[in-house]
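Q: I need the structure of the sequence given here:
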Amino acid sequence: MKLTYEEQYLMLVRKVLNEGKWIYNERTGVRCLTIPRAVMEYELTPESVPLLTTRPSYPVSAVAEIIGYIRRYEWANEFADIGSPTWFKNANETKAWLANPYREGEDHLGEVYGAALPEEYIRDVLQNLQDGIDNRGLKLDWWQPESFARACLRPCLSDHQFQIIDETVHLTSVQRSTDLMCGKNFNALQVYFLGMFGAKIAKMEGGTAMHIMNNVHIYEPHLEGVEELLSRSPDLSAKPTFNIADWVNDYTDLMDMEDHAREYINVKGYKGVPQPKIEFELIA
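A: From the prediction side, this is the model:
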């Protein structure tokens with residue numbers, strides 16, 4: 001019997017606890033239990049949305065962030081205005097960035113994620129996808145080393161490549177660093193949304209999205225929250241669904257508009273649960 005997303009997630013948490021090695025992370029000054037990699041695959045159907053019932057998932061905020069990348073946002077308040085208030089600390093409290101001459105002031109992030117790519121390049125990829133043209137280069141790659149000096153943070157979930165096979169859209173996404181307790185579920189929702197969005201604008205079936213995660217880790221201060229998480233039982237009765245809004249039929253509906261992320265998705269049947277004790281200061 002095929003495992004649910006939540007079963008796979010909890011198995012991965014246990015794997016890191018049981019097999020992970022202690023690695024000191026210089027950026028945060030904290031030790032992490034770490035394994036080299038993990039891979040998950042998500043079906044691109046409304047019923048396969050990667051949501052959790054043992055801890056809260058945040059689909060609107062996760063989708064808002066990936067929308068902001070495609071729109072090439074460079075300011076934390078831009079992300080917040082569409083539903084993802086996740087960037088203020090990076091913009092305003094990262095010491096190296098505060099001293100960076102490219103920083104333009106409070107809330108400025110610099111050339112993060114999509115802002116590191118030319119607008120024409122993003123448009124070309126999405127237009128070809130929308131037109132059903134797979135040139136083996138339907139690739140959004142936020143990992144642009146020449147932009148790192150002009151950004152507050154290097155991308156974590158950095159590489160997305162669409163493929164069209166037999167009138168079906170597939171996606172492969174690669175992540176360089178995977179914070180299992182803070183970022184992983186957020187990122188899973190982003191991979192899933194991007195795949196669903198690709199299928200919607202191409203007017204094709206959704207296939208699968210493969211999520212390749214490198215450096216999968218749990219920070220030492222998160223272990224108490226992990227214990228609480230693993231003491232909970234998944235809600236097997238929950239049957240949430242996720243759809244891209246009916247009005248979204250063109251990539252420009254997302255890229256060229258300023259709508260809030262909630263306008264792009266319809267999530268039904270999902271109930272939030274209390275968050276385990278997890279300190280969200282440590283990310284990536």
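Q: mind listing what's buried in stretch 135-151?
A: Buried residues in stretch 135-151, counted by 16 or more other CB atoms under 10 Å: 138, 140, 142, 144, 147, 150, 151. (C-beta placed from N, C-alpha, C; glycine too.)
Q: Can you list the neighbours in contact with it?
A: Contacts to stretch 135-151, defined as CB atoms under 8 Å, 6 or more residues apart in numbering, come from residues 69-70, 100, 102, 109-117, 122, 125, 128-129, 154-155, 157-164, 176.
Q: from those residues, which ones fall inside helices?
A: If you go by DSSP state H, the contacts of stretch 135-151 have 69, 70, 122, 125, 128, 129 in helices.
Q: show me where this protein has helices.
A: According to DSSP H, the helices that the chain contains are 5-19, 59-70, 76-81, 88-92, 95-98, 119-130, 184-202, 223-230, 251-255.
Q: can I get those helices in TSV with distance to residue 32 and mean neighbour count?
A: TSV is the format used below for these (distance: least, CB to CB, whole Å; neighbours: other CB atoms under 10 Å):
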stretch	distance to residue 32	mean neighbour count
helix 5-19	9	16
helix 59-70	22	24
helix 76-81	26	19
helix 88-92	19	17
helix 95-98	20	12
helix 119-130	33	16
helix 184-202	13	25
helix 223-230	10	16
helix 251-255	34	18
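Q: CSV please, covering those and showing distance to residue 171.
A: Listed next are these as CSV, based on distance: least, CB to CB, whole Å:
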stretch, distance to residue 171
helix 5-19, 16
helix 59-70, 12
helix 76-81, 22
helix 88-92, 26
helix 95-98, 31
helix 119-130, 10
helix 184-202, 4
helix 223-230, 28
helix 251-255, 15
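Q: would you list the ones you listed in CSV and tack on mean pLDDT?
A: Shown next, in CSV, are those (pLDDT from 0 to 100):
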stretch, mean pLDDT
helix 5-19, 97
helix 59-70, 97
helix 76-81, 98
helix 88-92, 95
helix 95-98, 93
helix 119-130, 98
helix 184-202, 97
helix 223-230, 94
helix 251-255, 98
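Q: Tell me which of those helices lies nearest to residue 238.
A: Residue 238 sits nearest to helix 5-19 of all those, at 9.0 Å, using CB to CB.
Q: ok, residues contacting the closest one?
A: When contacts are defined by CB under 8 Å, 6+ apart, helix 5-19 is touched by residues 3, 33-35, 38, 40, 42, 48, 50-54, 180, 184-185, 188, 216-218, 226, 229-230, 234.
Q: Can you say which of those residues are buried?
A: By neighbour count, with 16+ other CB under 10 Å, the contacts of helix 5-19 hold 33-35, 38, 40, 42, 48, 50-54, 180, 184-185, 188, 216-218, 226, 229 as buried.
Q: sorry, back to before: in the ones in helices among the contacts of stretch 135-151, find the pair that's most separated.
A: Greatest spacing in these, by CB to CB: 69 and 128 (18.4 Å).
Q: Let me see the contact set for residue 173.
A: Per CB under 8 Å, 6+ apart, neighbours of residue 173: 157, 159, 160, 161, 191, 194, 209, 210, 211, 212.
Q: one more time with 6 Å, if that's ok
A: 160, 191, 211 (CB atoms under 6 Å, 6 or more residues apart in numbering).
Q: And residue 33, by the same measure?
A: Per CB under 6 Å, 6+ apart, neighbours of residue 33: 16, 20, 218.
Q: Number of residues surrounding the second one?
A: Close neighbours of residue 20, defined as other CB atoms under 10 Å, add up to 17.
Q: Tell me how far it lies from residue 195.
A: When distance is defined by CB to CB, to the nearest Å, residue 20 is 29 Å away from residue 195.
Q: and what of residue 108?
A: Applying CB to CB to residue 108 and residue 195 gives a distance of 31 Å.
Q: What's the separation between residue 176 and residue 37?
A: Residue 176 is 11 Å from residue 37, by CB to CB.
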